[in-house]
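**Student:** I'll drop the sequence and a predicted model, then ask my questions.
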Amino acid sequence: MVKFVENELNTIKKEINEMWLLVHDQLENAYKAVLDIDVELAERVSTREKRVNAFELKIDSDIEDFIALYNPVAIDLRFALAMLKINNNLERIGDYADSVARFVQRCPLTEEDKELFKRLRLQEMSDRVMSMFAQTHEALTEQNIGTAKSVFEQDELLDQLNKEALDILADYATEHPDSIKLCLELAAIFRKLERAGDHISNLAEETVFYIDAEVLKHTKSLGE
């Protein structure tokens, strides 16, 4: 019985790791598609979105079967519950990657728009999201609570970058009335980046819960 449980746990760990890497690639390619105005790359991201959704359903089913068949307790139950929520958050992050990619396909971007991207610090915000995403993966893989908790402070920077970008876009739209649609689209992109950061924080919360049974959800001083 113990061997069967161990095998099931290892299978779920492997699947979560594969899902994480898949979503990582989706995020990275979506942001690269925007920054490079690469429509072909954006289309590849959208094409792979169905794979992300299908994999999420499979992992959910495997975890639910594990709970039903083995009635896990203590750390095994915490692991199963945490992975269930992590899987859901990964799928949502994948949705944001797809939305970013569809923006590139939908909007006729030009080389001049790259200058606006620089003013908005789009590269910096994208890099921060990717760094947080990689850091939470490292925290889970190495079961390091300190690494997981350090993600929360970075999420605050995303909030600040998003706010600054919205102010810049409002001024830019006033100065260039013909670019109002683009500014609205970009505002939505920054909002998605900020929301991706929120879901990455959720990943860190679930990692801490799995490792140490500490519930961080709804707490005010997560970085402490």
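**Tutor:** Received, thanks.
**Student:** and L109, what are its phi and psi?
**Tutor:** When read as degrees, to the nearest 10, the backbone of L109 gives phi -80, psi 150.
**Student:** Against which helices or strands is the helix or strand that contains L77 packed?
**Tutor:** For L77, the host element (DSSP states H and E) is helix 74-106. Applying 3 or more CB pairs under 8 Å, 6 or more residues apart in numbering; DSSP states H and E, one finds that helix 74-106 contacts helix 2-36, helix 39-70, helix 180-212. Bear in mind the C-beta positions are built from the backbone N, C-alpha and C, glycine included.
**Student:** what's near enough to touch the most centrally placed residue in the chain?
**Tutor:** The residue lying closest to the centre of the chain (CA atoms, centre = their mean) is I93, at 3.7 Å. Applying CB atoms under 8 Å, 6 or more residues apart in numbering to I93 gives the contacts 23, 27, 133, 196, 199-200.
**Student:** quick check, nearest of those to A54?
**Tutor:** V23 (13.1 Å; CB to CB).
**Student:** quick one: which of the helices and strands packed on helix 74-106 is nearest L120?
**Tutor:** helix 180-212 (6.9 Å).
**Student:** For K3, give me the pLDDT.
**Tutor:** Per-residue pLDDT puts K3 at 82.
**Student:** How about L216?
**Tutor:** 63.
**Student:** Just the buried positions in the helix or strand just after the helix holding L77, please.
**Tutor:** For helix 74-106, the succeeding helix or strand toward the C-terminus, using DSSP H and E, is helix 113-120. Neighbour-count burial for helix 113-120 flags 113, 116-117, 120 (criterion: 16 or more other CB atoms under 10 Å).
**Student:** Check stretch 157-172 too.
**Tutor:** Quick answer for stretch 157-172 (16+ other CB under 10 Å): 158, 161-162, 165-166, 168-169, 172.
**Student:** any low-confidence regions in this structure?
**Tutor:** Along the chain, segments meeting pLDDT under 70 span 1, 214-224.
**Student:** hmm, 80 instead?
**Tutor:** 1-2, 213-224 (pLDDT under 80).
**Student:** Let's have the buried residues of helix 113-120 in CSV, adding distance to V52.
**Tutor:** CSV is the format used below for these (distance: CB to CB, whole Å):
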residue, distance to V52
D113, 28
L116, 29
F117, 26
L120, 27
